[in-house]
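**Student:** Whatever this is, show me its structure:
(2 chains)
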Amino acid sequence: MVLILSSTGDLSTELVMNWLRHYNHPFVRINSHDLLDEKAFISFFPAKIKIGDIEINPDEVHAIWFRKFAFFRKSKFFKDNEQDIIPNTIYQLQREFSSLTSGFTSIFQDKYWLTHPQSASVNKLRVLKFARQCGLQVPDTYVLNNRAQLQELLKETSLISKSAYEPFFLSVDEGMYSMYTKEVTPEIAAGFDETFYPSLLQSKVEKEYELRIFYLDGEFYPMAIFSQQDKQTEVDFRMYNWDTPNRNIPYVLPEDLKNKLHQLMQKLNLNTGSMDVIRGKDGGYYFLEVNPTGQFGMTSIPCNYSLHELVAKHLIEKDKEYAEVY
Amino acid sequence: MQKFIDKISDKEKKLYSVNFLLSELHKMEVESEDLIPSKDLPSSQYRTHQLDTYTFYKPIATNLNLASIERLKEKDS
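**Tutor:** Here you go, the predicted model:
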């Protein structure tokens, strides 16, 4: 049986489930929020799980897809009780939840994992370091906290700013402050205070186009995004132009690049993930980042890769393989 | 488009990183798949609201609100 560890509302999970149904393969899904929102009983010794009305025998599970098994703040529990929980306890509850969900996965440690939980959280800067070690080109990367050194750097190179962790949305009455990759010009830098909070900055690569690459067990499914031709998306394609969307097409990666990316994924202990790469105007390929549980619908649909079916077939194959061997 | 840096006082500018300072104000837009408005009934089992393919995009991740920032402030007690 395939076990899917996910969150409510994840479309990719549902589409993969549809394919598992199509191939008539047994599976069960647990959403992280079920531990908060449903009746949950989990015994570690002996291993036994009951969530709501669903009973799961861990011995019958041989392949697990670790999708987005987190997000305390999106749970019904949190939404319903946010006003009642003592504010200072929220952070602790969140960490407790995170610890419980992470501990829960240890029940299945000897099974096949499509994204192992211990590899699911990657540090952007560490990944860039590994990428360099694998021979990939990456943009020059800096962490700065003062205007003087920023202005010095800007004399040598154009810079972009991005988050070291995850980008965010800041809700205010008028809308949302959204954090995208932005260019930092000398004029903008002049408006900063003498010092600022430590910030990640990278040399701006002059793009010909961007690549979004889905990786699954050694196979690559790349898509070229012609974000450069639209002012709105030229620095960050996620500044979507919904009226005139970027042109997205399937792409063939050079073998040398594939080998290096494959090495990187092995170094990171990742068997799947979505990678962002820039094809520079200088002809180079610049690796930006990898998201272990990133979206792949956005790559699958325009390129007709049928990635949800491929993920389902991969899980079925591994489930059968591990059932026989272990 | 209004930038965060223009909303805060000069004194506050040093408290934030560059990507915070350069974040821009957008009207309330789709922020994640499960918030996409749809006339379809949600899936009874998993509460997903929308399965149309055009809703796939790379979301930018965490939703922060002012209240949560307040909570992170250390307090003298």
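
**Student:** quick one: low-confidence ranges for chain A?
**Tutor:** Applying pLDDT under 70 to chain A flags residues A:168-169, A:230-233, A:235-244.

**Student:** Now do the closest residue to chain B within it: how many residues are near it, please.
**Tutor:** Nearest residue of chain A to chain B (C-beta to the nearest C-beta) works out as A:Gly9 at 2.8 Å. The way it works is simple: take the backbone N, C-alpha and C, and place the C-beta from them, glycine included. Applying other C-beta atoms under 10 Å in any protein chain shown, we find 24 other residues in the vicinity of A:Gly9.

**Student:** Helix, strand or coil: sort out it for me.
**Tutor:** For A:Gly9, the assignment made with DSSP: H, G, I helix; E, B strand; the rest coil gives coil.

**Student:** Distance check, it against A:Glu82.
**Tutor:** 18 Å (C-beta to C-beta, to the nearest Å).

**Student:** For burial, what's the neighbour tally of A:Val143?
**Tutor:** 11.

**Student:** I figured it was touching A:Leu200, is that so?
**Tutor:** Yes. With contacts counted by C-beta atoms under 8 Å, A:Val143 reaches A:Leu200, the gap being 5.9 Å.

**Student:** Next, show the common contact partners of the two.
**Tutor:** A:125, A:164 (C-beta atoms under 8 Å, 6 or more residues apart in numbering or on different chains).

**Student:** Phi first, then psi, for A:Tyr165.
**Tutor:** Taking degrees, to the nearest 10, you get phi -100, psi -110 for the backbone angles of A:Tyr165.

**Student:** got a list of what it touches?
**Tutor:** Counted by C-beta under 8 Å, 6+ apart, A:Tyr165 has contacts A:Lys124.

**Student:** how near is it to A:Val172?
**Tutor:** Counting by C-beta to C-beta - A:Tyr165 and A:Val172 are separated by 21 Å.

**Student:** quick one, what contacts A:Ser32?
**Tutor:** A:5-7, A:68-71, A:75, A:101.

**Student:** and the two most separated of the residues you listed?
**Tutor:** The span of these, defined through C-beta to C-beta, is set by A:Leu5 and A:Ser75 at 14.8 Å.

**Student:** Those two: who's more crowded?
**Tutor:** With neighbours defined as other C-beta under 10 Å, A:Leu5 and A:Ser75 compare such that A:Leu5 has more, 23 against 20.

**Student:** For the more buried one, give me its contacts.
**Tutor:** A:Leu5 sits next to A:29-30, A:32, A:64-67, A:69, A:105 when contact means C-beta under 8 Å, 6+ apart.

**Student:** Which helix or strand in chain B has the lowest average pLDDT?
**Tutor:** strand B:62-65 (a mean of 46; mean pLDDT, DSSP states H and E).

**Student:** Give me the buried positions along stretch B:8-17.
**Tutor:** B:13-14, B:16-17 (16 or more other C-beta atoms under 10 Å in any protein chain shown).

**Student:** Now the phi/psi pair for A:Ser163, please.
**Tutor:** phi -80, psi 150.

**Student:** That should have said A:Asp319, apologies.
**Tutor:** The phi/psi pair for A:Asp319 (degrees, to the nearest 10) is phi -60, psi -40.

**Student:** That one and A:Glu60 touch, don't they?
**Tutor:** No. Between A:Asp319 and A:Glu60 there is no contact under C-beta under 8 Å: 9.9 Å.

**Student:** tell me, what's touching the two both at once?
**Tutor:** A:Met1.

**Student:** So between the two, which is more surrounded?
**Tutor:** A:Asp319 (24 against 12).

**Student:** could you measure the residue nearest to that one when sequence neighbours are not counted against A:Ala312, distance?
**Tutor:** Of all residues not flanking A:Asp319 in the chain, A:Ala63 sits nearest, at 3.8 Å (C-beta to C-beta, 6 or more residues apart in numbering or on different chains). To A:Ala312, A:Ala63 is 11 Å away according to C-beta to C-beta.

**Student:** and if you look at A:Tyr177?
**Tutor:** Applying C-beta to C-beta to A:Tyr177 and A:Ala312 gives a distance of 38 Å.

**Student:** more crowded one of those two?
**Tutor:** Shown here are A:Tyr177 and A:Ala312; by other C-beta under 10 Å, A:Ala312 has more neighbours (24 against 21).

**Student:** a helix runs through that one, doesn't it?
**Tutor:** Yes. Remark: A:Ala312 belongs to a helix, assigned using three-state DSSP.

**Student:** Report the secondary structure state of the closest residue to it other than its chain neighbours.
**Tutor:** With sequence-adjacent residues excluded and distances taken as C-beta to C-beta, 6+ apart, A:Ala312 is closest to A:Trp19, at 3.5 Å. Of the three states, A:Trp19 takes helix under three-state DSSP.

**Student:** now the one 5 residues further on
**Tutor:** Taken by three-state DSSP, the conformation at A:Asn24 corresponds to coil.
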